[in-house]
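# Any chance you can model this:
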Amino acid sequence: PRSTLNATRRQRQMCIRDSIPPDRELPVGGAVSGGWMKTVRQVLDDKGHEIFDIGPDALVYDALGEMAYRNVGALLVRDGDEIVGIISERDYARKVILKEKASKHTPVREIMSPAVVCVGPDQRVDGCMALMSDRRIRHLAVVDQGRAIGVISIGDVVKAIIDQQRMTIAQLEHYITGGR
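Coordinates of the predicted model:
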């Protein structure tokens, strides 16, 4: 019975861990650029660790209201602490509007994406960008030791990479001009 319960829990946990092949990460410069790339943990520290979620039995209409209120494009769908899916504006457009369903009568579980792609907090953001591009997704759940600790969007990733590039440019300009 206990092993059956654990197997069921593992089966219901819909978090797909995806590893980033090293050749899909951006090259990191040496001493001039600082040789670092932000991690997911640093992005969450900058933006906050708050997780916006909704239950699978909630109505799509309520999920849309929550997304609008929070100014986000997706919500984790959780049953208790367990991630069971993700619902996004894209899911709404493709699975409610185009199929002429009513958001006030459709539960989230009917339109959510059940397979959530997750990364760990120590993943580099360039690897996240590669993963999001390869999978054609806009949001990643961040999971540490089996517990959701945040969500990052493609916008968060792009901002972190732009910040890194700005810093590298400033350091190179300083190096080239001799600090003048």
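# For the rest of this, base every contact and every neighbour count on C-alpha atoms.
OK.
# Relative to Gly85, how far out is the most centrally placed residue in the chain?
Note on the chain: the residue nearest the mean C-alpha position is Leu140, at 1.9 Å, using C-alpha atoms, centre = their mean. Plainly put, Leu140 is 11 Å away from Gly85 if you go by C-alpha to C-alpha, to the nearest Å.
# and what of Asp126?
According to C-alpha to C-alpha, Asp126 and Gly85 sit 24 Å apart.
# and Ser153, backbone torsions?
When read as degrees, to the nearest 10, the backbone of Ser153 gives phi -110, psi 170.
# isn't it right up against Ser133?
No: Ser153 lies out of contact with Ser133 (C-alpha atoms under 8 Å); the separation is 11.8 Å.
# neighbour-wise, which of the two wins?
Ser153 (19 against 12; other C-alpha atoms under 10 Å).
# Check what pLDDT the more buried one gets.
Looking at Ser153, its pLDDT is 96.
# before we move on, back to that, what sits against the residue nearest to the centre of the chain?
Applying C-alpha atoms under 8 Å, 6 or more residues apart in numbering, we find Leu140 in contact with 116-119, 132, 151-153.
# so it, which of the three states?
strand (DSSP: H, G, I helix; E, B strand; the rest coil).
# For it, give its distance to Ile54.
Taking C-alpha to C-alpha, one finds Leu140 at 16 Å from Ile54.
# before we move on, what about Gly155?
Per C-alpha to C-alpha, Gly155 is found 22 Å from Ile54.
# which of the two has more neighbours?
Neighbour count, other C-alpha under 10 Å: between Gly155 and Ile54, Ile54 has more, with 23 against 12.
# Out of the helices and strands in the chain, which is least certain?
The weakest-scoring helix or strand in the chain, judged by mean pLDDT, DSSP states H and E, is helix 2-12 (a mean of 40).
# per-residue confidence at the residue nearest to the centre of the chain?
96.
# Distance check, it against Leu98.
Taken as C-alpha to C-alpha, the span from Leu140 to Leu98 is 25 Å.
# Which pLDDT value belongs to Arg24?
With respect to pLDDT, Arg24 scores 53.
# same question, the one 4 residues further on
At Val28, the predicted lDDT confidence score is 46.
# Now do the helices in this protein.
With DSSP state H as the criterion, the chain has helices at 2-12, 40-47, 60-70, 89-92, 108-111, 125-135, 154-177.
# Counting by contacts, list what the second one packs against.
What that stands for is helix 40-47. The contact analysis (3 or more C-alpha pairs under 8 Å, 6 or more residues apart in numbering; DSSP states H and E) places helix 40-47 against strand 147-153, helix 154-177.
# So, low pLDDT: which residues of the chain?
Scanning the chain for pLDDT under 70 picks out the ranges 1-15, 17-35, 180.
# cutoff 50 now
1-13, 22, 26-34 (pLDDT under 50).
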